[in-house]
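**Student:** I'd like to go over a predicted model; first the sequence, then the structure.
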Amino acid sequence: MSRIIMSPSSDVDKKLFTPGPLGCSLSVKEAMLRDLGSRDAEFTDKVKQIRQQLLIIAGVSPDQFTSVLLQGSGTYCVESVLQTTTPRIDGRVLILSNGSYGNRMKKICEVSQIPHDVLPFPEDSVIDLEEVADWLEDHPDTYTTVSVVHCETSSGVINPVDKVGQLVRALQPGAAFFVDAMSSFGAVPIDLELCSVDYLVSSANKCLQGVPGFAFVIARKKHLLGCKGNARSLSLDIMDQYEGLEGNGQFRFTPPTHAVLAFHRALKELQFEGGVEARIKRYQKNCQVLQEGMKRMGFKKLLSDSCKGYIITSYHYPKHPNFTFDEFYRRLSDLGQLIYPGKVTNADCFRIGNIGDLYPSDMEHLLKCIHQVLSAMGVPVPVS
Ligand SMILES: *Cc1c(COP(=O)(O)O)cnc(C)c1O
């Protein structure tokens with residue numbers, strides 16, 4: 001039988017102005033053009049380097065923290081932390097939620113039958129610290145984990161995790177503090193020690209600009225080591241995964257080798273760009289170009305100007321009978337520009353992200369495309 005050789009696809013990449021999957025550089029994609037064995041020293045070395053690099057990016061000491069990679073998308077890691085940190089007896093999670101990613105934690109707890117309470121907040125503002133303090137004071141020694149989302153990608157709100165962490169430490173000293181920093185890690189600074197973070201989760205394909213395929217947990221070792229046997233899942237047991245990685249350096253089950261190679265390259269690219277500070281500057285510039293251009297076209301943001309997030313921006317639909325999101329989306333997609341529907345429940349919005357392999361010139365081009373599409377739809381610019 002002869003080898004099948006297909007000619008490379010001529011499809012061009014679309015620009016992804018989304019909360020994920022996000023665009024990656026050509027060099028990151030090229031890094032995947034190799035096969036490596038999961039037990040091969042080159043592969044396990046790369047995994048080791050990645051684990052060390054992640055701690056450096058997080059600004060924490062390997063004496064206190066470890067990083068654990070886990071197959072799957074970001075949600076798999078969120079679920080693995082909730083599973084692994086909740087003791088089978090008397091475990092209880094408090095979820096501070098102001099958006100759909102907070103609500104996803106609730107769903108995880110429901111499905112996994114993890115005892116939990118949810119403290120809900122409006123989707124268009126940050127978590128209210130006084131309410132959190134009151135709740136924690138009224139429920140002493142109740143929770144084994146308190147969780148919060150750093151950047152609520154559903155709206156773009158950045159929650160004050162430092163202050164929440166300090167409240168948790170003061171008022172619920174026995175609880176682990178868990179931060180979903182999926183869309184912020186590597187681009188919105190977070191001081192894990194100052195914030196008293198015990199677990200932080202992010203994924204390969206957000207601000208670190210690898211390809212999708214795995215996510216990772218930065219865990220305080222002292223806490224993680226006490227979590228053996230908690231998980232009601234084998235594949236999502238982050239403690240078991242940790243022991244595997246520490247033991248023979250391998251993933252317990254088939255690793256996403258190509259995604260790991262891509263991530264290894266992506267971390268080199270981050271360094272080459274000038275580290276996290278340079279990346280922050282680029283994303284902030286992307287955001288500034290976007291927000292100024294959208295404002296000129298009359299679009300209104302969901303969040304007030306006091307919300308300084310620069311990861312993703314939610315915009316209200318223009319009020320014009322010719323505007324439908326589906327047509328707007330389809331026409332932009334035809335021009336190679338992918339935006340995203342809104343994810344808040346109380347307003348008709350769409351979202352435009354600034355993260356991934358995007359540059360200010362990409363934002364300028366998107367703005368031109370938006371103008372062109374609105375004109376084609378017969379929606380006058382500036383919109384109202
Ligand atoms: C992207 C994201 C996730 C993970 O979503 P997946 O689709 O599982 O990768 C979780 N939380 C936040 C805040 C996110 O932005």
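**Tutor:** Nice, I can see it. Numbers count the residues shown, from 1 in each chain.
**Student:** where do the helices sit along this protein?
**Tutor:** Using DSSP state H, the helices assigned to the chain run over residues 26-30, 41-58, 74-85, 100-111, 129-138, 161-171, 221-224, 238-247, 257-273, 275-296, 325-334, 360-377.
**Student:** so which elements touch the longest one?
**Tutor:** Counting contacts by 3 or more CB pairs under 8 Å, 6 or more residues apart in numbering; DSSP states H and E, helix 275-296 is packed against helix 257-273, strand 312-316, helix 360-377. Just so you know, the C-beta spots here come from the backbone N, C-alpha and C atoms, and that holds for glycine as well.
**Student:** and the ligand, which of these is closest to it?
**Tutor:** Within the helices and strands packed on helix 275-296, the stretch nearest the ligand is strand 312-316; the backing value is 8.4 Å (CB to the nearest ligand atom).
**Student:** centre of the chain to the closest one, how far?
**Tutor:** 17 Å (CA atoms, centre = their mean, to the nearest Å).
**Student:** now stretch 79-93
**Tutor:** Distance, stretch centre to chain centre, for stretch 79-93: 21 Å (CA atoms, centre = their mean).
**Student:** which parts of it are buried?
**Tutor:** Using 16 or more other CB atoms under 10 Å as the burial criterion, the residues of stretch 79-93 that qualify are 79, 80, 81, 82, 83, 84, 85, 86, 91, 92, 93.
**Student:** any idea which of those residues is closest to the ligand?
**Tutor:** Checking the buried residues of stretch 79-93 against the ligand by CB to the nearest ligand atom gives residue 79 as the nearest, at 9.1 Å.
**Student:** how close does the nearest residue to the closest one once chain neighbours are set aside sit to the ligand?
**Tutor:** In this structure, residue 79 finds its nearest non-sequential neighbour in residue 108, 4.9 Å apart by CB to CB, 6 or more residues apart in numbering. When CB to the nearest ligand atom, to the nearest Å is applied, the distance between residue 108 and the ligand equals 11 Å.
**Student:** contact partners for residue 108?
**Tutor:** For residue 108, the residues meeting the contact criterion (CB atoms under 8 Å, 6 or more residues apart in numbering) are 75, 78, 79, 82, 114.
**Student:** swap in 10 Å and give it another go.
**Tutor:** With contacts taken as CB atoms under 10 Å, 6 or more residues apart in numbering, residue 108 has the following neighbours: 75, 78-83, 93, 95, 114, 116, 147, 236.
**Student:** how about residue 258?
**Tutor:** 29, 31, 32, 33, 34, 35, 36, 211, 213.
**Student:** correct me, but the third one touches residue 257?
**Tutor:** Going back to what we said before, that points to residue 32. Yes. With contact defined as CB atoms under 10 Å, residue 32 counts as touching residue 257 (8.7 Å).
**Student:** list the residues that contact both of the two?
**Tutor:** With CB under 10 Å, 6+ apart applied, the overlap between the contact sets of residue 32 and residue 257 consists of residue 213.
**Student:** how many residues are close by the residue nearest to residue 256 when sequence neighbours are not counted?
**Tutor:** Among residues not flanking residue 256 along the chain, residue 213 sits closest, at 3.7 Å (CB to CB, 6+ apart). Applying other CB atoms under 10 Å, we find 21 other residues in the vicinity of residue 213.
**Student:** so how far is the ligand from residue 213?
**Tutor:** Relative to the ligand, and taking CB to the nearest ligand atom, residue 213 is found at 10 Å.
**Student:** and that residue, backbone torsions?
**Tutor:** Its backbone dihedrals place residue 213 at phi 150, psi -30, with angles given as degrees, to the nearest 10.
**Student:** residues in contact with the spatially most central residue of the chain?
**Tutor:** By CA atoms, centre = their mean, the chain has its centre lying nearest to residue 182, at 2.1 Å. With CB under 10 Å, 6+ apart as the criterion, the residues that contact residue 182 are 19-20, 73-75, 77-78, 101, 149-151, 153, 200-203, 205-207, 215.
**Student:** change it to 6 Å
**Tutor:** Shown here is residue 182, whose contacts under the criterion CB atoms under 6 Å, 6 or more residues apart in numbering are 74, 202, 203, 206.
**Student:** wait, the first one sits on residue 216?
**Tutor:** Pointing back at residue 74 there. No. Look at residue 74 against residue 216 with CB atoms under 6 Å: they stay out of range, at 9.4 Å.
**Student:** what does the protein have sitting close to the ligand?
**Tutor:** 19, 20, 73, 74, 75, 101, 149, 153, 180, 182, 183, 203 (CB under 6 Å from any ligand atom).
**Student:** let's have the contacts of residue 108 in TSV, adding pLDDT and distance to residue 380.
**Tutor:** Conversion of those to TSV gives the following (pLDDT from 0 to 100; distance: CB to CB, whole Å):
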residue	pLDDT	distance to residue 380
75	98	41
78	98	43
79	98	46
80	98	50
81	98	48
82	98	48
83	98	52
93	98	49
95	98	43
114	98	51
116	98	48
147	98	45
236	98	51
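**Student:** pick out the residue in the stretch 1-150 of the chain sitting closest to the ligand.
**Tutor:** residue 74 (2.8 Å).
**Student:** ok, now the stretch 201-350 of the chain?
**Tutor:** Here the stretch 201-350 of the chain gets closest to the ligand at one residue, residue 203, 5.3 Å apart by CB to the nearest ligand atom.
**Student:** I'd say that residue and residue 215 touch.
**Tutor:** Yes. Taking CB under 6 Å as the contact criterion, residue 203 and residue 215 are neighbours in contact, 3.9 Å apart.
**Student:** what do these two both touch?
**Tutor:** A shared contact of residue 203 and residue 215, defined by CB under 6 Å, 6+ apart, is any residue touching both; here these are residue 74.
**Student:** those two: which is more packed in?
**Tutor:** The neighbour comparison of residue 203 against residue 215 (other CB under 10 Å) goes to residue 203, with 29 against 24.
**Student:** I'd like the distance between that one and residue 225.
**Tutor:** According to CB to CB, to the nearest Å, residue 203 stands 24 Å off from residue 225.
**Student:** could you check the pLDDT of residue 10?
**Tutor:** Residue 10 carries a pLDDT value of 63.
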